[in-house]
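> requesting a structural model of the entry that follows:
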Amino acid sequence: MRIVLTGGGSGGHITPVLAVAHQLKQLQPDCETIYIGQKGDSLGDIPAQDPSIDQTYVVRAGKLRRYHGEGIKQLLDLETVGKNIRDMGFVVGGLMQSFRLLKRLKPDVVFIKGGFVGVPVGLAAASLGIPFITHDSDALPGLANRIIARWAQLHTVAFPKEVYSYPAEKTLSVGVPISHEFRLRNADEVAALKEQLGYGAEQRIVFATGGGLGALRLNISIQNMAADLLQSNPEVILVHATGRNHEVEASKCYDELLSDTFRNRVVVVGYTTKLFEYSAVADVVITRAGGTSTAEFAAQSKACIIVPNAMLTGGHQSKNAQALVDRQAARIIEESELKENPGALLTTLQALLDDPQAIASLGQKLHELAQPDAAHRLAMILLEQANKNKHTTNETIQTQ
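Residues are numbered from 1 along each chain as shown. Predicted coordinates for the structure are as follows:
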């Protein structure tokens, strides 16, 4: 059996793909898993390093640049318009590459997590009669999945299917696929992990992350509050996962901003496949509002301060964050608030550090929303569809 998995552009697309691949191997070890990524993806090397992926390929993909709240202004920006026109050519090239690749590989089913690469792969699969299944982690489906939606055999989604505009009979709510490493750990396990990471049992961990690529505006807010945080809380260690694109710059910034004493209590991480270890020992997590990251921290029952990226298309992160706040499962700070009051992040964080009961309550309420078996369920669905379509798919391709 051969299954193609695709998705890219961010860690929020790639890590779920790897979680599903892991479960496929657990359920059917002889299943061949093939990843198709986007050429030039900053995190494109990660799947090739994962033991659950047997082969990797890349194709061209184009991006339609849209910014939430910008309205007609973005249509008048010549640089943006020029890049969008250029990327239309990338889509055409990627479609041709995907067609040739899928025709050669003859997969039994394709899993499309989202991201720009899903468009050429999905269109090629449709033209070859290869069944594909999409997944959306956010309440607002991504543009790529919406473009290819009409040809999908099934839409799997994170929220109740009524939230989506997909046909109800083709939509299945499964949650967000996350790594099995994101799970609840008891006090002894957390203590052992703390020791393994080099932290003392009495130290408290604040873990901040803006995703695999990083979030510059969030990084700056965290850097600016670091000195006051560490001075007021001598037991706190700040672990800052800056994203691959910002690690060097962030390290230099901390070197300049902090005295040696404070600098020794800041751990800067770029991109790591061990993010689950840092979040597991964290007392409080500061994060964006991506569907994947919130699902990961929900599985670990973490108290989160969420700073959504309001610029992303459709404001989907703000919608994700508000859904959590409505359930009293997280604290939210909008970037507009940080602009008006740069101290808002530290104030919110300090209030939580001073209130262990609030930390426990937020973690518990977020954990109630967790669906840690999503990757397993998706793997089962893919295997079922692959078995169902295996012979038909091969016969269809051979006649092309």
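
> any chance you could map the strands in the chain?
Taking DSSP state E as the criterion, the chain carries its strands at 2-6, 32-38, 55-59, 109-112, 132-136, 154-157, 171-173, 204-209, 236-241, 266-269, 284-287, 303-306, 331-332.

> so which of the ones you listed comes closest to Asp255?
Closest to Asp255 of the strands of the chain is strand 266-269 (C-beta to C-beta; 9.6 Å). Just so you know, the C-beta spots here come from the backbone N, C-alpha and C atoms, and that holds for glycine as well.

> related to what we said a few turns ago, tell me the most buried of the strands of the chain?
Highest mean neighbour count among the strands of the chain (mean count of other C-beta atoms under 10 Å): strand 109-112, with a mean of 29.

> follow-up on the earlier one: would you list the strands of the chain in TSV and tack on mean pLDDT and distance to Gln364?
Listed next are the strands of the chain as TSV, based on pLDDT from 0 to 100; distance: least, C-beta to C-beta, whole Å:
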stretch	mean pLDDT	distance to Gln364
strand 2-6	98	33
strand 32-38	96	35
strand 55-59	96	39
strand 109-112	98	32
strand 132-136	97	27
strand 154-157	97	25
strand 171-173	97	22
strand 204-209	97	18
strand 236-241	98	22
strand 266-269	97	27
strand 284-287	98	14
strand 303-306	97	9
strand 331-332	96	14
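
> among those strands, which is nearest Gln371?
Nearest to Gln371, of these and by C-beta to C-beta, is strand 171-173 at 8.8 Å.

> quick one: strands adjacent to that closest one?
strand 154-157 (parallel) (DSSP bridges).

> mind checking how far the partner strand is from the chain centre?
Computed by C-alpha atoms, centre = their mean, to the nearest Å, the chain-centroid distance of strand 154-157 equals 17 Å.

> wait, what's in contact with the nearest residue to His240 once chain neighbours are set aside?
What sits nearest to His240 in space, not counting adjacent residues and going by C-beta to C-beta, 6 or more residues apart in numbering, is Ala208, at 4.9 Å. Going by C-beta atoms under 8 Å, 6 or more residues apart in numbering, Ala208 touches 218, 222, 238-241, 285-287.

> picking that back up, could you dump the strands of the chain to CSV with distance to Ile381?
Shown next, in CSV, are the strands of the chain (distance: least, C-beta to C-beta, whole Å):
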stretch, distance to Ile381
strand 2-6, 11
strand 32-38, 15
strand 55-59, 22
strand 109-112, 9
strand 132-136, 7
strand 154-157, 7
strand 171-173, 7
strand 204-209, 29
strand 236-241, 31
strand 266-269, 34
strand 284-287, 28
strand 303-306, 29
strand 331-332, 33
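
> could you check how far the residue nearest to His240 is from Val268?
Taking C-beta to C-beta, to the nearest Å as the measure, Ala208 falls 10 Å from Val268.

> mutual contacts of the two, please.
His240.

> just the endpoints, please. Distance across stretch 234-243?
End-to-end span of stretch 234-243 (C-alpha to C-alpha, to the nearest Å): 26 Å.

> do stretch 287-304 as well
Termini of stretch 287-304 sit 7 Å apart (C-alpha to C-alpha).

> still on that earlier bit, between the contacts of Ala208, which is nearest Asp30?
Using C-beta to C-beta, the contacts of Ala208 come closest to Asp30 at Ala241, 35.5 Å.

> if the closest residue in space to that closest one that isn't next to it in sequence is in a bridge, with which residues?
Distance criterion C-beta to C-beta, 6+ apart; nearest residue to Ala241, sequence neighbours excluded, is Thr209 at 3.9 Å. Beta-bridge pairing for Thr209 (DSSP bridges): Ala241, Thr287.

> unless I'm mixing things up, Thr209 is touching Ile286, no?
Yes - when contacts are counted by C-beta atoms under 8 Å, Thr209 is listed as touching Ile286 (7.4 Å).

> Arg150: neighbour count?
When counting by other C-beta atoms under 10 Å, one arrives at 9 neighbours for Arg150.

> and the pLDDT at it?
Arg150 carries a pLDDT score of 96 in this model.

> what do you get for the one 10 residues further on?
Reading off the confidence values, Pro160 has pLDDT 89.

> ok, back up a step: so who does the residue nearest to Ala241 touch?
Thr209 touches 240-241, 243, 275, 279, 285-288, 293, counting by C-beta under 8 Å, 6+ apart.

> same list, those, but as JSON lines with distance to Leu193 please.
Below are those laid out as JSON lines (distance: C-beta to C-beta, whole Å):
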{"residue": "His240", "distance to Leu193": "18"}
{"residue": "Ala241", "distance to Leu193": "16"}
{"residue": "Gly243", "distance to Leu193": "23"}
{"residue": "Leu275", "distance to Leu193": "13"}
{"residue": "Ser279", "distance to Leu193": "11"}
{"residue": "Val285", "distance to Leu193": "15"}
{"residue": "Ile286", "distance to Leu193": "20"}
{"residue": "Thr287", "distance to Leu193": "19"}
{"residue": "Arg288", "distance to Leu193": "24"}
{"residue": "Ser293", "distance to Leu193": "19"}
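
> and of these, the nearest to Pro160?
Ser293 (20.3 Å).

> quick one: contacts for the residue lying closest to that closest one once chain neighbours are set aside?
Nearest non-adjacent residue to Ser293, counting by C-beta to C-beta, 6+ apart: Thr287, 5.3 Å away. The neighbours of Thr287, taking C-beta under 8 Å, 6+ apart as the test, are 208-210, 293-294, 297, 304-307.

> try it again with 6 Å
Taking C-beta atoms under 6 Å, 6 or more residues apart in numbering, we find Thr287 in contact with 209, 293, 304, 306.

> which residues does the third one bridge with?
Looking back up the chat, that one is Cys304. Beta-bridge partners of Cys304, counted by DSSP bridges, are Val285.

> distance check, it against Met1.
Between Cys304 and Met1 the computed distance is 38 Å (C-beta to C-beta).
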